[in-house]
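J.: I need the structure of the sequence given here:
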Amino acid sequence: AMARLLSACEACKRSLATGTQATVTVEADGADYFCNVTRAVLDSTSVALCNGVVELATRVIAQAGVQPSDVSAIVLAGGGARTLCVQSALSAVAPSASLHF
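T.: Residues are numbered from 1 along each chain as shown. Got it, this is the predicted structure:
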């Protein structure tokens, strides 16, 4: 059941990368369970992820010895990279950088 739930949640996350609403549906113990999720809910639950991304990006830029304005591009990988809060956070850290997926 946990594997089906994880798979359904991953599919929901992918749907929310391009849409505004998705439904998680899982069958367990002969019953169907579902939950409607909006992009806003996903973004609000991703605040800790966003804060971690900001800390990491700030540290990497400092260790590279450059200013945030010197960064021209940021390459994002992984499903969490498509969340709006991660994109907004990185745009705030390095405003002149273009984001690439």
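J.: could you pull out the helices for this structure?
T.: In the chain, the helices defined using DSSP state H lie at 2-18, 39-45, 47-64, 84-93.
J.: out of these, which is closest to residue 73?
T.: Go through those one by one with Cβ to Cβ and the one that ends up closest to residue 73 is helix 84-93, at 10.8 Å. The way it works is simple: take the backbone N, C-alpha and C, and place the C-beta from them, glycine included.
J.: quick one on the thing from earlier: figure out which of the helices of the chain is closest to residue 31.
T.: Of the helices of the chain, nearest to residue 31 by Cβ to Cβ is helix 2-18, at 12.6 Å.
J.: between helix 84-93 and the closest one, find me the angle.
T.: With axes from the mean of the first three to the mean of the last three Cα atoms, to 10 degrees defining the directions, helix 2-18 sits at 50 degrees from helix 84-93.
J.: most tightly packed of the helices of the chain?
T.: Per-stretch averages of neighbours, counted by mean count of other Cβ atoms under 10 Å, single out helix 84-93 among those, with a mean of 17.
J.: remind me which residues of this structure are low pLDDT?
T.: Scanning the chain for pLDDT under 70 picks out 79.
J.: how about a cut-off of 90?
T.: 1-5, 9-10, 12-19, 27-30, 39-50, 53, 76-89, 101 (pLDDT under 90).
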